[in-house]
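>>> Pasting the sequence and the predicted model now:
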Amino acid sequence: MKSTHSLAARLAISFVLSMMSLGSFAMEPSHIKSMMGQAQLQGLGRLNFWGLHVYDANLYRGATKDSQEFALELKYQRSFSGEAIANRTVEEMKNLGIADAQATSWGKELTSIFPNVDPGQTITAIYIPKQGTSFFYESKKLAQIQGADFAKAFFGIWLDSKTSVPKLRADLLGQGCPPPLISGAC
């Protein structure tokens, strides 16, 4: 009887440990995998504003060391209109030094792309060199904006050293470097 309880306890511990291991290796969402191939989670963080939980963010990088592809997934915890998301994006780009006219032009394009979001819904942006930035809402492709300049300005909101959210940046980068588009060499 004692060996049966011991075996059952060992099996239960093994099961719990295996489940914990699986959770620590988060699989990339299918739309990220379809655009980037194999990807890995570099870091994750949470944006709180005035004590309110706004969204959770995940930064995915290409699995190879020299990969220049990356994705940022935002899972919203509050409702926002697409227009409000685009307007905030423009303000953050301006704070990074993007010229008003350019940020406003990109903002108009983003206003036509971004949907309204409710808690639990995601918007993902994926950068692929020479293709630009693709936007997804709940894993469905919305649009693509060409150009490295746009990508650098957009992703810089979270990843540039001059970001307005340095704690979130640190969480997203973890022990790694920003993508080469953002920082060049690391």
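Great, that's in hand.
>>> What segments of this protein are helices?
2-24, 30-36, 82-95, 100-113, 148-159, 166-173, 180-183 (DSSP state H).
>>> just those helices: most buried one?
Mean neighbours per residue, mean count of other CB atoms under 10 Å, is largest over those for helix 148-159, with a mean of 21. Using the backbone N, CA and C atoms, a C-beta is placed for each residue, glycine as well.
>>> Looking at it now, give me its mean pLDDT.
The average of the pLDDT scores along helix 148-159 is 97.
>>> tell me how far it is from the chain's mean position?
12 Å (CA atoms, centre = their mean, to the nearest Å).
>>> related to what we said a few turns ago, to Glu138, which of the helices of the chain lies closest?
helix 30-36 (9.2 Å; CB to CB).
>>> and of the helices of the chain, who's closest to Phe136?
Nearest to Phe136, of these and by CB to CB, is helix 30-36 at 5.0 Å.
>>> and that closest one, what other elements does it pack with?
strand 52-62, strand 70-76, strand 122-128 (3 or more CB pairs under 8 Å, 6 or more residues apart in numbering; DSSP states H and E).
>>> so for that helix, what's the average pLDDT?
Here helix 30-36 scores 88 as its mean pLDDT.
>>> want to throw the helices and strands packed on helix 30-36 into JSON lines with distance to Leu172 and mean neighbour count?
Converted to JSON lines, the helices and strands packed on helix 30-36 look like this (distance: least, CB to CB, whole Å; neighbours: other CB atoms under 10 Å):
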{"stretch": "strand 52-62", "distance to Leu172": "4", "mean neighbour count": "19"}
{"stretch": "strand 70-76", "distance to Leu172": "8", "mean neighbour count": "22"}
{"stretch": "strand 122-128", "distance to Leu172": "13", "mean neighbour count": "21"}
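>>> Turn those strands into CSV, columns for mean pLDDT.
What follows is the helices and strands packed on helix 30-36, written out as CSV (pLDDT from 0 to 100):
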stretch, mean pLDDT
strand 52-62, 95
strand 70-76, 97
strand 122-128, 97
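>>> need the ones you listed in a markdown table with distance to Ala84, can you?
Shown next, in a markdown table, are these (distance: least, CB to CB, whole Å):
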| stretch | distance to Ala84 |
| --- | --- |
| strand 52-62 | 11 |
| strand 70-76 | 11 |
| strand 122-128 | 13 |
